[in-house]
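**Student:** Predicted model and sequence below, questions to follow.
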Amino acid sequence: DQQVKQNSPSLSVQEGRISILNCDYTNSMFDYFLWYKKYPAEGPTFLISISSIKDKNEDGRFTVFLNKSAKHLSLHIVPSQPGDSAVYFCAASAGYSGGGADGLTFGKGTHLIIQP
Amino acid sequence: NAGVTQTPKFQVLKTGQSMTLQCAQDMNHNSMYWYRQDPGMGLRLIYYSASEGTTDKGEVPNGYNVSRLNKREFSLRLESAAPSQTSVYFCASTANRFSYNSPLHFGNGTRLTVT
């Protein structure tokens, strides 16, 4: 049973526009959420995170929104740039079993393609 | 600062062969992890080492063994490789597995093919 779902395998966005990547989760115990970015032939790199006590976290062009009642989070990238083309993984953790590095559950990823 | 280094980058094995994937980190991190990534799948945890001297099973440990050789190094061993173990393997580390401010740092992966 997939507890973290990224239902869009790929997303194409024009350069300069907003990219919105979505993630849904089923486990109500999840209380910390992260986004990782992955380029081909490289490992994932941490992008941004949010705790369940917040509904928004910003870091430069990247904003993550959390809707706990809908068990949904989204990553907004504004404006989108060519270097943002990558696979984005949503991950979630439950409680004290980690800022939960041991307890991280990853989604399958969304391949974001920024068109010039 | 190299971060997390994995060797080899690529490997082809025949069914039944054994091999060890090596991982080393130079960030003085306490906890280390092995994940696998299959096409269309998220990252799945194979084994982890919370601290030097300890190891624990993750979500998909069958067919693998690990060794935390010292604080820097964490190896993954396939004793008898099977085609189902064809995957990309990532090693990761974190300074504090209980801290929300200590995300995982990943290596660049080992692409393993078992024929």
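**Tutor:** Good, I have the coordinates. Residues are numbered from 1 along each chain as shown, chains lettered A, B, ... in the order given.
**Student:** so, in contact with chain B or not, stretch A:54-67?
**Tutor:** No - on the criterion CB under 8 Å from any CB of the partner chain, stretch A:54-67 is out of touch with chain B, staying 11.3 Å away. Using the backbone N, CA and C atoms, a C-beta is placed for each residue, glycine as well.
**Student:** my read: B:Q22 touches B:R72, true?
**Tutor:** No - in this structure B:Q22 lies outside contact range of B:R72 using CB atoms under 8 Å: 10.8 Å.
**Student:** Any figure for the gap between B:S99 and A:S51?
**Tutor:** Shown here: B:S99 relative to A:S51, a distance of 12 Å by CB to CB, to the nearest Å.
**Student:** what ranges do the strands span in chain B?
**Tutor:** B:4-7, B:10-13, B:19-25, B:31-37, B:43-49, B:56-57, B:64-68, B:74-78, B:87-94, B:105-106, B:110-114 (DSSP state E).
**Student:** which one of those is the most hemmed in?
**Tutor:** strand B:31-37 (a mean of 27; mean count of other CB atoms under 10 Å in any protein chain shown).
**Student:** so can I have CSV of the strands of chain B showing mean pLDDT and distance to A:V64?
**Tutor:** Shown next, in CSV, are these (pLDDT from 0 to 100; distance: least, CB to CB, whole Å):
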stretch, mean pLDDT, distance to A:V64
strand B:4-7, 97, 24
strand B:10-13, 97, 34
strand B:19-25, 98, 27
strand B:31-37, 95, 22
strand B:43-49, 94, 19
strand B:56-57, 93, 29
strand B:64-68, 97, 32
strand B:74-78, 98, 30
strand B:87-94, 96, 20
strand B:105-106, 94, 19
strand B:110-114, 97, 30
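**Student:** who wins for proximity to chain A among those strands?
**Tutor:** Proximity to chain A, assessed across the strands of chain B by CB to the nearest CB, is greatest for strand B:105-106 (3.1 Å).
**Student:** Give the pairing partners of that closest one; include direction for each.
**Tutor:** If you go by DSSP bridges, strand B:105-106 pairs up with strand B:87-94 (antiparallel).
**Student:** I'd like the C-alpha coordinates of the partner strand written as PDB, please.
**Tutor:** Provided in PDB are the C-alpha atoms of strand B:87-94 (Å, rounded to 0.1, in the frame of the first residue of the first chain):
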ATOM      1  CA  SER B  87      18.500  -1.600  -9.400                       C
ATOM      2  CA  VAL B  88      20.200   1.700  -8.600                       C
ATOM      3  CA  TYR B  89      21.600   1.700  -5.100                       C
ATOM      4  CA  PHE B  90      22.000   4.900  -3.100                       C
ATOM      5  CA  CYS B  91      23.900   5.300   0.100                       C
ATOM      6  CA  ALA B  92      23.000   8.200   2.400                       C
ATOM      7  CA  SER B  93      24.000   9.700   5.700                       C
ATOM      8  CA  THR B  94      22.800  12.200   8.300                       C
END
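**Student:** I'd like the distance from it to the chain centre, please.
**Tutor:** Taking CA atoms, centre = their mean, to the nearest Å, one finds strand B:87-94 lying 4 Å from the centre of the chain it belongs to.
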